[in-house]
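here are the coordinates; sequence isn't available:
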C-alpha cells in the first residue's frame, strides 16, 4: 500500500528552480533510498515532503491525502518526521531533553525513551550532557532517536552519513535495519551508495533536480547507477 | 548567458531624476527668494519643516541604510542645541557660525558614545542608544553652568533686529537642508554608499568582499551625529530657549521614526513625503491634543505591517519612479 | 548602620526591577525581540488596576487577579496578530512596531486618564515595616515584592527546565527551523511567551503602582531600568536578572543617599561601567546572543 506519493513536484528557492517534475513513491514499511551527487536536489525533496519548503498541495500525498505545503509542525502530527541534514541538535538541551523534545506532539506508538536508550546505549550513558557535546556519530544517533520519539509513520533521514567515519556509518545502518525491521517506512538520503543500496527496496537517483533513475536495487547494475549518478 | 555583442550601458540617472533636478532648482529659487515676498510665520514653519526633514534624512541613513536602529538620536539634537548656546553666549562665537560648529561638537561626542553603544546589536542597540541619551540628559540637568533643569536662553541674538534674525535663520535652514540632501545623496552614490548598502543586505557577505563593516558604520554614525547636531543647533536658534527635557526628549526620535516609516525607509524621497504628511496631520489634529500622536503611531505601525516600504516605496514600485536614484541600471540596446 | 539600611533598601528595590527585567529577558531569549513597549505595558496594567479599584472597590492585590490574565491575553493577541507577521523580516520591523506601540499607549493613557499622577492603595501594608534588630527595619511591601520576584523566577526556571513547553522555548530559541521539525508551532509558542511576559509585567506594574506614584509617562523609565538590569546581570540568565536588578537597585539607593537627584544617574553610571568592563554581564551564559 502506497504511503507516500509524490507527483510532478517542482520546487523553487526564490526564482531558482531546484526540482523539475519529480515523482516518487514509498510503500508502507518500505525503505526507499534517494541518492545523487551534491546539489542534485535530494535534500530539497525531503524538505518539501517534511513541510519546510512550500509546494502545491496535490504534489505530495500522504496516506492518500494531499499534504503539500502544510507546515512542518502539522505534518509531524500526521507522522511525517524528518531527521535533518547536519543533525541540528539543540545546544541548550541535554541528550535526554533533545529526545524528549522529539516527543513534543506525544504521538502514540512503540517508541519511548527507554526503547531509544535500548537502541542507542551510548545515549543513555550521556543522557545528562549537553546534546552538542557528543561526537558526530553520537549526534547522528541522537538525531535519529529524537526522530523516533515522535513515533513516525514516515521517517525521513537526510544525509545520514555526512561527515562520519566508516565504522560509525556501518553502525548507523545497522540501526536503520532494525528500525526498518519494525515496519517504519523510511526515506533515506545519502551520498554513500554502497551502504544504502542493500537496505532499500526502491532507489531513486537524482541529477540536477530531476529523477535520472529509479527501480529496485536488485535489478540495477553498478554501471547504470553510476551513469545516472554522474550523468556520464 | 548571452553571446550577443550588443553594447551594454550602465545608467546612474533616470528620466525622472533629470526632471526632478530641474523642478528642484526652480523650487530652490522660489524658496530662496521667500524672505522678499513671504511672511515670518511661513519662514518659521519652513525652518521647522527643514529641521524635521534633515533629522529624518539622518535617521534614515542610519537605520534604513546602515541598519543601525537608534532611538537615541535626540542626544545629538540636545548636544547641538546646548553647544550653540555655549559657543554663542559663553564663547562669543557668531550664533549663525556656531550652528555648524555645534555639529562638530556633537560629532565629537559621538565617538565615545559609539564606543559604548556599538557593543550592542539589534534591539538592544536601540535601547542602548536611548539609555545613553538619558545619561546625557541627566548629566546636563545636573550641571549648573548649563542651567540645570530649567535650561537657558540664547542671548547672543538679542542685539540683532528681529527681521534680520528671522531671515538669516531661514536662509541658514535652507542652506542646511540643501547641503544635507546633497551630502546624503552624494554619499550613497559613492563607494562608501555602495559598501553601506552591501552591509545592509548582508553584513558577513560584505565583509568577505572587503568592506570594513565597523569603520563604515562608525563613519555613518559620526556623520549622522554631525548632521543631527547641526539641526539641533538650528532648532534652538529658531526657538531661542532650551531645556534638557525638551532637547533630549524622545519625541524627536518619535517624529523622525514616524516620518521615515510612513514616508518610506531606505529611500531619499520617503522622508520628504513623510515630513509633509507629518505637518498635515499635525495641523489637522492640532485641536485634539494627544490624538495626533496616536494617529501617527497607528499609521506607522499599520504601514510597517502592510507596506514596509512606505508610501514612497509603493509609488516607486508602481511607477518605477526615482527622483534620487542611488542604484545603477543596466541598459542593453 | 545607615549604609546597611541603604543597601538593604536597594536590594529590595532590586526585586521590583527583576520583575520588570524578567519579562523583557524572556521574550528576547525566545524570539530575539526587544519589546520597546514593555514599560508602557506595565503602566497600562497599573492603570487597569486603578480602573478595577475605582469601579469595583477591590484591593489592588485582588485586582491583579483580573489584570494579570487580561494582560496575558493581550500579550498573546499582540504577538499572534501583530508581531508574528513581522517574523523573518529582520530586526527593524519589531523595533519600529513596538516603538510605535509605546507611543500609542502613552498617548492613549494621557487622553484617557489625563496627566494626573496616580497611586494604588492596598490599605496600609505599603507603610508597614518589619523590625530586624539593631535599628534596622524593612518595609513589608518591598519584602513581599522581592519574595514575589523570586517566586516568579523560580517558577519560570522550573517551567523552562522541566516542562515540555519550557523545553520548546529553549529549542525554538536555539534553532527555530529544527524546532518546527519536532512539531513545535513557533507562532503559538511565541504567543505563549509574550502572554507570560505580559502577565509578569502586569504584576510588576501593579506592584510599582503600589510602591510609588505613576503617570502615563512612567513607562519608558521602566523599560530603561529593566534593560539595565538585564545587561548588568547578563543575557540569557534568569538568576542573573535578579542579581542585575539588585545591583541596579543598590546603585540607585546608594547614589540617592550620596546626593538626592543623583540616584538614577548613579544607576546609569554603574550600567555603563558594566558595559565597559564586562559587557557580557555578570552571569552571562557562554552562548553568544545578538
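Perfect, I can see it now. These figures come from a predicted structure and were not determined experimentally.

going forward, measure contacts between C-alpha atoms and count neighbours the same way
Noted.

show me what contacts the closest residue to chain A within chain C?
Nearest residue of chain C to chain A, counting by CA to the nearest CA: residue C:183, 3.7 Å away. Contact analysis of residue C:183 by CA atoms under 8 Å, 6 or more residues apart in numbering or on different chains lists A:72-77, A:102, A:104-105.

could these be laid out in a markdown table, adding distance to chain C, neighbour count and secondary structure?
Listed next are the contacts of residue C:183 as a markdown table, based on distance: CA to the nearest CA, whole Å; neighbours: other CA atoms under 10 Å in any protein chain shown; DSSP: H, G, I helix; E, B strand; the rest coil:
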| residue | distance to chain C | neighbour count | secondary structure |
| --- | --- | --- | --- |
| A:72 | 6 | 28 | helix |
| A:73 | 4 | 24 | helix |
| A:74 | 7 | 20 | helix |
| A:75 | 8 | 24 | helix |
| A:76 | 5 | 29 | helix |
| A:77 | 7 | 18 | helix |
| A:102 | 5 | 27 | helix |
| A:104 | 7 | 20 | coil |
| A:105 | 6 | 20 | coil |
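
Intersect those residues with the contacts of chain B.
The subset of the contacts of residue C:183 within reach of chain B, by CA under 8 Å from any CA of the partner chain, is empty.

could I get those as a markdown table with pLDDT?
Below are the contacts of residue C:183 laid out as a markdown table (pLDDT from 0 to 100):
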| residue | pLDDT |
| --- | --- |
| A:72 | 94 |
| A:73 | 95 |
| A:74 | 94 |
| A:75 | 95 |
| A:76 | 95 |
| A:77 | 94 |
| A:102 | 94 |
| A:104 | 95 |
| A:105 | 93 |
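
and stretch C:178-196, which residues are buried?
C:178-187, C:189-196 (16 or more other CA atoms under 10 Å in any protein chain shown).

Just the terminal-to-terminal distance for that stretch.
End-to-end span of stretch C:178-196 (CA to CA, to the nearest Å): 23 Å.

Write out the residues of chain C neighbouring chain B.
Selection of chain C residues close to chain B by CA under 8 Å from any CA yields C:33-34, C:36, C:82, C:85-86, C:91-93, C:95-97, C:100-101, C:103-105, C:107-108, C:110-111, C:224, C:227, C:265, C:268-269, C:272, C:275-276, C:279, C:290.

Could you tell me which of these belong to helices?
Assigned to helices by DSSP state H, the following of the residues of chain C next to chain B qualify: C:92-93, C:95-97, C:100-101, C:103-105, C:107-108, C:110-111, C:224, C:227, C:265, C:268-269, C:272, C:275-276.

So among the residues you listed, which ones count as buried?
If we count by 16+ other CA under 10 Å, these have these buried: C:92-93, C:95-97, C:100-101, C:103-105, C:107-108, C:110-111, C:224, C:227, C:265, C:268-269, C:272, C:275.

Confirm residue B:68 sits in a helix?
No. Under DSSP: H, G, I helix; E, B strand; the rest coil, residue B:68 sits outside any helix and is assigned coil.

pretty sure it contacts residue B:62?
Yes. Residue B:68 is within contact range of residue B:62, at 5.4 Å (criterion: CA atoms under 8 Å).
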